[in-house]
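Asker: Test case, fold it:
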Amino acid sequence: MKFTKIITALAISGLVFVSCKKEEDKNLANIKAVESPKEHKTIAAENVQTASFTIEGMTCAVGCAKTIEKELSNLEGVEKAAVDFDKKTATVTFDKTIQNPESLTKVVQETGDGKTYKTSNVKS
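Answerer: Model (predicted):
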């Protein structure tokens, strides 16, 4: 009986260890993708556009707002992105020949699980 309990405990521990490892690897890949620096090209003055919009669903400044800000900043054609957690807003300066307000809000809504963040009041 004691031998069976030890084997069962080892099996459960092994499963937990392997499961956590896979999840950890996936999270590390996501973090590296978000934190990797991107070179910004200079945007021609006639192509610069700024959009602002409201983001609902953020629960913290570090995890939510900063993650969204990094996702937006890393998009091709985005010069600057700022997310204000307290005001629940995002302001993005971008190249209108590469991005548009709809694509920016779509990226925000797809961040995380794709259901948490909702955008509204898009102004450009």
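Asker: Now do the top strand by length along the chain: which elements does it pack against?
Answerer: Secondary structure of the chain per DSSP state E: the longest strand is strand 48-56. Packing partners of strand 48-56 (3 or more CB pairs under 8 Å, 6 or more residues apart in numbering; DSSP states H and E): strand 89-95, helix 101-110, strand 118-123. Quick note: C-beta positions are derived from backbone N, CA and C, even for glycine.
Asker: now the first one and strand 48-56, what's the angle there?
Answerer: Using axes from the mean of the first three to the mean of the last three CA atoms, to 10 degrees, the direction of strand 89-95 lies 150 degrees away from that of strand 48-56.
Asker: swap in the second one?
Answerer: Taking the same axes, to 10 degrees, one finds helix 101-110 and strand 48-56 inclined to each other by 30 degrees.
Asker: List the buried residues for helix 101-110?
Answerer: For helix 101-110, burial by neighbour count (16 or more other CB atoms under 10 Å) applies to P101, L104, T105, V107, V108, Q109.
Asker: Put the alpha carbons of it into CSV.
Answerer: The C-alpha coordinates for helix 101-110 follow below in CSV (Å, rounded to 0.1, in the frame of the first residue of the first chain):
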residue,chain,number,x,y,z
PRO,A,101,-7.7,52.9,-36.1
GLU,A,102,-9.6,49.7,-36.7
SER,A,103,-6.5,47.6,-36.9
LEU,A,104,-5.2,49.2,-33.7
THR,A,105,-8.4,48.5,-31.8
LYS,A,106,-8.5,44.9,-33.1
VAL,A,107,-5.0,44.3,-31.7
VAL,A,108,-6.1,45.6,-28.3
GLN,A,109,-9.2,43.4,-28.3
GLU,A,110,-7.1,40.4,-29.3
